[in-house]
Structure formats: structure tokens, C-alpha cells
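Student: My questions concern the predicted model and sequence given below.
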Amino acid sequence: MAGMIETSDIGDATGATTWRLDLLGTWRLTTSGDVLEMGVNGRRMFALLALRGRCDRPYLAGTLWPECSEAHAQGNLRATLSR
């Protein structure tokens, strides 16, 4: 399906979990049928990770906040992760 990224079989102690991220139309992240609510920066971060894959913090911060200094971008990333 266009605009949808789905990852299944991410195991935990209770069994497999299915995550679904819809990027086109209305942005939506669901797991086990529950919609996860988050702010704009969290949405941007999840979309980048879904499209790019695993990446380090400096890359995330620099890509998501290119207009900020490195220290400020790292602070924005810490705030986004804490939410």
C-alpha cells in the first residue's frame, strides 16, 4: 500500500507486535489497533526513521533541525525523545 510502512513480528516477552505507520494522507502510527498520539516533532522523527532506518542521534538532529546550531538541534531531539 502506498504511503504505509508496516513492521511485524517485533518480539517482546508476550509475543509479536505489529506496528503500522501511514505517511500519506493523515499521519498515523498504530500498534495492536491502538493509535499512538504524538506531536509534530515526534511524527517527523518516526517518519525519518521509518524511511531511513537506523541512524545515529547527530544525523537525526541535523536532519530534523538543519537551521539550528548542533547543540540546539541535539536539545530538540532530547525533548522530542522525552515526550
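Tutor: Sure thing, it's come through.
Student: what about the strands in this protein?
Tutor: For the chain, strands defined by DSSP state E occupy the ranges 4-12, 15-22, 28-31, 34-36.
Student: partners of the last one in the sheet?
Tutor: Strand 34-36 sits in its sheet next to strand 28-31 (antiparallel), going by DSSP bridges.
Student: For the strand it pairs with, give the mean pLDDT please.
Tutor: What strand 28-31 shows for mean pLDDT is 89.
Student: Could you do stretch 54-70 as well?
Tutor: For stretch 54-70, mean pLDDT is 95.
Student: so what's the nearest residue to D22 once chain neighbours are set aside up against?
Tutor: Excluding its sequence neighbours, the residue lying closest to D22 (C-beta to C-beta, 6 or more residues apart in numbering) is R28, at 4.5 Å. (Each C-beta comes from the backbone N, C-alpha and C, glycine too.) With contact set as C-beta atoms under 8 Å, 6 or more residues apart in numbering, R28 has these partners: 20-22, 35.
Student: What confidence value was assigned to the spatially most central residue of the chain?
Tutor: The centre of the chain sits closest to F46, judged by C-alpha atoms, centre = their mean, with a distance of 1.2 Å. In this prediction, F46 carries a pLDDT score of 88.
Student: Surely it and T30 touch.
Tutor: No - contact criterion C-beta atoms under 8 Å: F46 and T30 do not qualify, at 11.8 Å.
Student: Run through the residues that contact G53.
Tutor: By C-beta under 8 Å, 6+ apart, G53 has no neighbours at all.
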